[in-house]
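Peer 1: here are the coordinates; sequence isn't available:
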């Protein structure tokens, strides 16, 4: 009965204190920063050239931007990325940790109730003061020494968050969850871009390998021709040696190109969480480099801060630092705690069951006022304010980096297309020149040096064209990475 009364008293005290618990949050309130975007349009890269066959347009960005490349295998690999990528799975675990930390912070503002039971064997010193026991009947009563005290009951406490210390901690933990969610998106954007880039580079490496082998066939044909002409006395061994040197030079390029192709296959396997050499059968067959679309949706500048997950992470970290500053400010104010306990005590289990005489309880508020701590609170506040300033500067830096990355990606996307167009023209003329040089050599009106020089120029032009075609598509990927990879949950 008395335990019930004590519990009810604590309950009513808590109810009466609830208006007080509607705290005032100390410290600065977080205000989301506004990025200072300078460009009016993301697609403004100057006067378009006739060689720029793919142009950015200010329309909505598709979260699955890689589908614009029109490669079904790349799309299938992207679908497997979410389940297989280890970095993404680690980021998801960190998100779970942040959500658990939010639960811990929120629980700090809730009442704390514990049940307990104990049986203690004790003996007091004869030189000390012998205290009264729970079953003492008068002020002169003394215990037989030693004795056993049985006790069962509960204790409860609840800190009234009058100054918002707990509320600011919860606010910081909520911002931490937001930062972790956006970190998952940041890892996904990076992994998706890396997968697309490695896939495109693999197709470009396969194309260069085809070019090298085709030129090797031509060089071997030239060697056979010079050997036949030398046997007939129509040319010298110098031409044969030059032709053989060209064959050996082209053959020397094959091992490095084959190695690069194998490394790119393994890089894709790594991104998908697969072991080395497990994706050779799936990726070894050569395919064309995925072509870029005529129109590339890039959205508008005002959406960029919402799409770039690293900017959102920086904003959330600024929110965390601001809330932690509020926690440090609240630590300067008194802490008010409601507490109490109720217990049944006795020198035997039977006396514990005798409720009225065995009951003990206490309840009421307590106030802790900080007076002196050697400057710990002051230094902590200085630390939190400095961390808030650091987070604000880091946000500005992240925004500036994003602007530079987008601007550079737009420029690279436009200029590489113009370079590719010139290389296409160079390859066409190089093939024509090689045909003419071979014909003149066979007719005996030109030496083999012209054929040799022309074929070397053609091989270099074809490989540069393959590299440029790859670069146009990888620049497309880099542009979408700079844009934040679209937006999706």
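Peer 2: Structure received. Remember, predicted model here, so these are calculated numbers, not experimental data. Numbers count the residues shown, from 1 in each chain.

Peer 1: ok, which stretches of the stretch 351-489 of the chain are helices?
Peer 2: 355-358, 376-442, 448-482 (DSSP state H, counting those that start in this stretch).

Peer 1: packing partners for the longest one?
Peer 2: Here helix 376-442 touches helix 165-231, helix 301-307, helix 309-330, helix 448-482, going by 3 or more C-beta pairs under 8 Å, 6 or more residues apart in numbering; DSSP states H and E. C-beta: built from backbone N, CA, C; applies to glycine.

Peer 1: For residue 61, find the nearest of those.
Peer 2: Distance to residue 61, taken as C-beta to C-beta, is lowest for helix 301-307 among the helices and strands packed on helix 376-442, at 6.8 Å.

Peer 1: What are the buried residues along that closest one?
Peer 2: For helix 301-307, burial by neighbour count (16 or more other C-beta atoms under 10 Å) applies to 301, 303-305, 307.

Peer 1: For it, give the mean pLDDT please.
Peer 2: Averaged over helix 301-307, pLDDT sits at 75.

Peer 1: returning to what we had before: turn the buried residues of helix 301-307 into TSV, columns for distance to residue 286.
Peer 2: Below are those laid out as TSV (distance: C-beta to C-beta, whole Å):
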residue	distance to residue 286
301	40
303	38
304	37
305	41
307	35
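
Peer 1: Surely residue 105 forms part of a strand?
Peer 2: No. Using DSSP: H, G, I helix; E, B strand; the rest coil, the assignment for residue 105 is helix, not a strand.

Peer 1: Give the full set of residues in contact with the closest residue to it other than its chain neighbours.
Peer 2: Once flanking residues are discounted, residue 105 sits nearest to residue 173: 4.0 Å by C-beta to C-beta, 6 or more residues apart in numbering. The contact partners of residue 173, taken as C-beta atoms under 8 Å, 6 or more residues apart in numbering, are 98, 101-102, 104-106.

Peer 1: make it 6 Å
Peer 2: Contact analysis of residue 173 by C-beta atoms under 6 Å, 6 or more residues apart in numbering lists 101-102, 105.

Peer 1: ok now stretch 379-389, how far from the chain's centre?
Peer 2: Between the centre of stretch 379-389 and the centre of its chain there are 26 Å (C-alpha atoms, centre = their mean, to the nearest Å).

Peer 1: separation between the residue nearest to residue 105 and residue 158?
Peer 2: The spacing between residue 173 and residue 158, counted by C-beta to C-beta, to the nearest Å, is 20 Å.

Peer 1: Okay, now the unreliable bits of the stretch 101-250 of the chain?
Peer 2: 126-143 (pLDDT under 70).

Peer 1: One more pass at 80, please.
Peer 2: Applying pLDDT under 80 to the stretch 101-250 of the chain picks out residues 123-145, 147, 235.

Peer 1: sorry, back to before: who wins for proximity to residue 271 among the helices and strands packed on helix 376-442?
Peer 2: Between residue 271 and the helices and strands packed on helix 376-442, the shortest gap by C-beta to C-beta is with helix 165-231, which sits at 4.9 Å.

Peer 1: Could you name the helices and strands sitting against the helix or strand just after that closest one?
Peer 2: Counting by DSSP states H and E, the next helix or strand C-terminal to helix 165-231 is helix 237-271. Counting contacts by 3 or more C-beta pairs under 6 Å, 6 or more residues apart in numbering; DSSP states H and E, helix 237-271 packs against helix 165-231, helix 448-482.

Peer 1: Redo the ones you listed as a markdown table? Include distance to residue 331.
Peer 2: Below are the helices and strands packed on helix 237-271 laid out as a markdown table (distance: least, C-beta to C-beta, whole Å):
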| stretch | distance to residue 331 |
| --- | --- |
| helix 165-231 | 6 |
| helix 448-482 | 42 |
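
Peer 1: Can you say which of the ones you listed is nearest to residue 341?
Peer 2: Closest to residue 341 of the helices and strands packed on helix 237-271 is helix 165-231 (C-beta to C-beta; 22.7 Å).
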